[in-house]
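Asks: Need a 3D model of the following:
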Amino acid sequence: MTPGLTARLDRISTNDRYLIVPMDHGITMGAVKGLVDIESTIDGVTRGGADAVLTQKGIADRVHDNKNGAGYIVHANASTTIGPDENDKRMTATAEEAVRAGADAVSLHLNVGSDYEPKQIEDLAALTDDADRLGLPVLAMAYARGPGVDGADPESLGHAVRLAEELGADVVKTGYSGDGDSFERVTESTRLPVVIAGGSKGTDRETVEMVRGAMDGGAAGVSMGRSIFQHDDPEGIASAVSAIVHDGADVDEALRAGGFAEA
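Replies: Here you go, the predicted structure:
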């Protein structure tokens, strides 16, 4: 691992633990709640303890002045909810473009098991090669997703994260299997740090319970989008998640850290 790669990984994590808030959903879904005034949202989640935020390259200038020293990741592919197939992610950035946008890392989404898996494997392999020459970390968002694929099956998720390692990623994001015990099968499938996706938006307690379970199963953190940036209190829910990821808090302690009455 080069000094540049190590330094940039440190910028998107804290003591090898990751709280990443992806906010690239504007290209996917439009200017939904939390993304209209994305500057305020970025300010809130980073004040709450997010290590890094993630967007598409085109709004980098709306990120840097508002991230309070946190890291920045540029996402390199996309699709839309109104297009012909949301699983068909097309390239939107290169590693060099991510660097020009001021990114500390670059990310790419692939659906392992989908009809688009072959092309997305090629895309990730090319991206890791280009990023390696720049000392730029790659976050692979590797989901088990496609016809007949159970997106919460630990074996399928384990296959997805191992694929990311085999193709040269530095950190891998995937779905959650539902409980800590089964998630151990996922995290043991790779030596990469594994972070979980947020999944469907639930209650505050459900969100932090999921994070606690994933961490107990060997996760290195989370990459949670809508559960955080669309929350009525993005800073508070980020603080609650951060308490688990960074401080080892239990569920009730985390809820209190976020200032939520149900704790």
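Asks: unless I'm mixing things up, His80 is touching His25, no?
Replies: Quick fix: residue 80 is Thr, not His. No. If you go by Cβ atoms under 8 Å, Thr80 and His25 don't touch, sitting 10.3 Å apart. In short, each C-beta sits where N, CA and C put it, glycine included.
Asks: These two: which has the busier surroundings?
Replies: His25 (20 against 13; other Cβ atoms under 10 Å).
Asks: Surely that one and Arg226 touch.
Replies: Yes. His25 sits in contact with Arg226 when judged by Cβ under 8 Å, with a separation of 7.0 Å.
Asks: Secondary structure of Tyr18: a strand, I assume?
Replies: Yes. Counting by DSSP: H, G, I helix; E, B strand; the rest coil, Tyr18 is found in a strand.
Asks: tell me the contacts of it?
Replies: If you count contacts by Cβ atoms under 8 Å, 6 or more residues apart in numbering, Tyr18 has them with Ile12, Asp51, Ala52, Val171, Pro193, Val195, Ala220, Gly221, Val222, Ser223, Val245.
Asks: Could you find the closest non-adjacent residue to it?
Replies: Nearest residue to Tyr18 in three dimensions, chain neighbours excluded: Gly221, at 3.3 Å (Cβ to Cβ, 6 or more residues apart in numbering).
Asks: again, but for Thr94
Replies: That would be Asp130: by Cβ to Cβ, 6+ apart, it lies 6.3 Å from Thr94.
Asks: Does the one you found touch Ala95 like I think?
Replies: Yes. Asp130 lies in contact with Ala95 (Cβ under 8 Å); the separation is 4.1 Å.
Asks: tell me the phi and psi of the residue sitting nearest the centre point of the chain?
Replies: Nearest residue to the geometric centre of the chain (Cα atoms, centre = their mean): Ser223, 3.0 Å. Ser223 has phi and psi values of phi -130, psi 90 when expressed as degrees, to the nearest 10.
Asks: That one is in contact with Val172, isn't it?
Replies: No. Ser223 is beyond contact range of Val172, at 9.7 Å (criterion: Cβ under 8 Å).
Asks: what residues do those two have in common as contacts?
Replies: Leu139, Met141, Val195.
Asks: rewinding a little: tell me how many other residues surround the residue nearest to Tyr18.
Replies: With other Cβ under 10 Å as criterion, Gly221 counts 27.
Asks: One more: the one 3 residues further on?
Replies: Met224 sits with 28 neighbouring residues when counted by other Cβ under 10 Å.
Asks: in terms of contact, does it touch Ser242 like I think?
Replies: No. Assessed by Cβ under 8 Å, Met224 is found out of contact with Ser242, at 11.0 Å.
Asks: Find residues that contact each of the two.
Replies: In contact with both Met224 and Ser242: Leu19, using Cβ under 8 Å, 6+ apart.
Asks: Could you export whichever strand or helix holds Glu206 as PDB, keeping only the C-alpha atoms?
Replies: In this assignment (DSSP states H and E), Glu206 forms part of helix 204-216. Output of helix 204-216 as PDB, limited to C-alpha atoms (Å, rounded to 0.1, in the frame of the first residue of the first chain):
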ATOM      1  CA  ASP A 204     -34.400   5.400  14.600                       C
ATOM      2  CA  ARG A 205     -34.100   2.300  16.800                       C
ATOM      3  CA  GLU A 206     -34.300  -0.100  13.800                       C
ATOM      4  CA  THR A 207     -31.500   1.900  12.100                       C
ATOM      5  CA  VAL A 208     -29.100   1.800  15.000                       C
ATOM      6  CA  GLU A 209     -30.000  -1.900  15.800                       C
ATOM      7  CA  MET A 210     -29.000  -2.800  12.300                       C
ATOM      8  CA  VAL A 211     -25.700  -0.900  12.600                       C
ATOM      9  CA  ARG A 212     -25.000  -2.600  16.000                       C
ATOM     10  CA  GLY A 213     -25.700  -6.000  14.500                       C
ATOM     11  CA  ALA A 214     -23.500  -5.400  11.500                       C
ATOM     12  CA  MET A 215     -20.600  -4.200  13.700                       C
ATOM     13  CA  ASP A 216     -21.100  -7.300  15.900                       C
END
